[in-house]
Every structure is written in C-alpha cells, then in structure tokens.
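>>> I'd like to go over a predicted model; first the sequence, then the structure.
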Amino acid sequence: MSHFFRRNLKRTLIGALGVTLLVGGLSACGHRPHDYGSNMSAEQYAQKRDKMVDKAASKLDLNEDQKKRLATLGDKLFEQRTALIGQTKDPRAEMKALVAGDKFDAARAQALINDKTTAVQAKSPEVIAALADFYNSLNPAQQQKVRDYMDGRGHWFNRG
C-alpha cells in the first residue's frame, strides 16, 4: 500500500508542478497587450519619438539641428506606417477574413498586397529623403558611431 501511495503522490506532485508552470507561463505572457504600438495615437507616438530622439542624441552628441532632422525622420516613418496600416483599426481582422471561408480569398489578398505596396511606394521617397538629410548632417565621427551600431557593436536601446 505504501508503494502505491508514494508512486501516486510523486505523480500528483509532478503533475501539479507542471500545471503550475503552464498556468504561470501563460499568465506571464498574457499580462499585457502585445500590439507593439499598432494603435498608437499621434500624441503617444510623439512622446515615444521624443524619448528615442533624446536617447540617440545623447549617444551621438547631436546638436539641435540634427535632433530636428532625426525627429523629422521619425515623423516620416510614422506617416509611412500609418499609410501602410491604412484605414483599418484591426489589421489582423483583415488577415482572418482571408481564411474565414472554406477557400482562401486570393483576390482579396492580392488587393490587400497591392494597397500596401502602393502605400510603401508612395511614402518611401519622403522617408529616404529624411534619412539622407539626417545622415548627411552627421559629422564623420557620428556617422562611424551609427555604422558601429548597425554592425552590432553598439547597444543603444537595450534595457541595461
């Protein structure tokens, strides 16, 4: 009888531990929305942009003119992102609608891709011009810092 009790107790404890880990893991992953700013208002974006500009300015020793150019680049990226998202408030709903029926809606998917491609093509020249304007305003030492960051030797925005 004691062998039976020990074996079942061990299984019960392992099962309870497994359930606890599973529930704990799921609750840890689900504690906040993971939309990564997809529904961010212009004011919220401006606050986030200003924070990032200040952080980059401290790393690159930017002057006021360069900060303005970086902020302009951020605004152009936000405009492109807004154009890419389009009128929809829930992009996932659009994707779900493609597979909602018994057949994949290829025509609707192609129209969606065409709309997104047009939005990117329309806004890209402005983004490229703003990026070039910002990068060209940097002195050679600042440009090298940017290249180092892009090579992975810099970690400006990590949470450390």
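Looks like it came in fine.
>>> helices and strands around the longest helix along the chain, which ones?
Taking DSSP state H as the criterion, the chain has its longest helix at helix 106-137. Packing partners of helix 106-137 (3 or more CB pairs under 8 Å, 6 or more residues apart in numbering; DSSP states H and E): helix 64-85, helix 91-98. Where C-beta positions appear, they are placed from N, C-alpha and C, glycine not excepted.
>>> For the helix or strand that comes right after that helix, C-alpha coordinates in CSV please.
For helix 106-137, the following helix or strand on the C-terminal side (DSSP states H and E) is helix 140-150. Only the C-alpha atoms of helix 140-150 are listed here, as CSV (Å, rounded to 0.1, in the frame of the first residue of the first chain):
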residue,chain,number,x,y,z
PRO,A,140,32.3,61.6,-39.7
ALA,A,141,32.6,60.6,-36.1
GLN,A,142,28.9,60.4,-35.6
GLN,A,143,28.5,58.5,-38.9
GLN,A,144,31.0,56.0,-37.6
LYS,A,145,29.0,55.6,-34.4
VAL,A,146,25.9,54.8,-36.5
ARG,A,147,27.9,52.3,-38.6
ASP,A,148,29.2,50.7,-35.4
TYR,A,149,25.7,50.4,-34.0
MET,A,150,24.5,48.8,-37.2
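>>> For helix 140-150, which helices and strands make contact with it?
Secondary-structure packing of helix 140-150 (3+ CB pairs under 8 Å, 6+ apart): helix 42-60.
>>> Buried residues in the helix it packs on, which are they?
Using 16 or more other CB atoms under 10 Å as the test for burial, helix 42-60 gives Tyr45, Arg49, Val53, Ala56, Ala57, Leu60.
>>> for stretch 90-108, same thing?
Result for stretch 90-108 [16+ other CB under 10 Å]: no buried residues.
>>> now the end-to-end length of it.
Terminal residues of stretch 90-108 lie 16 Å apart, using CA to CA, to the nearest Å.
>>> what about it, distance to the chain center?
Stretch 90-108 has its C-alpha centroid displaced from the chain centroid by 23 Å (CA atoms, centre = their mean, to the nearest Å).
>>> I'd like the average pLDDT over that stretch.
For stretch 90-108, mean pLDDT rounds to 84.
>>> again, but for stretch 139-158
For stretch 139-158, mean pLDDT is 78.
>>> Mind listing residues that contact that stretch?
By CB atoms under 8 Å, 6 or more residues apart in numbering, the residues outside stretch 139-158 that reach it are Met52, Lys55, Ala56, Lys59, Leu60, Asp61, Leu62, Gln66, Tyr135, Leu138.
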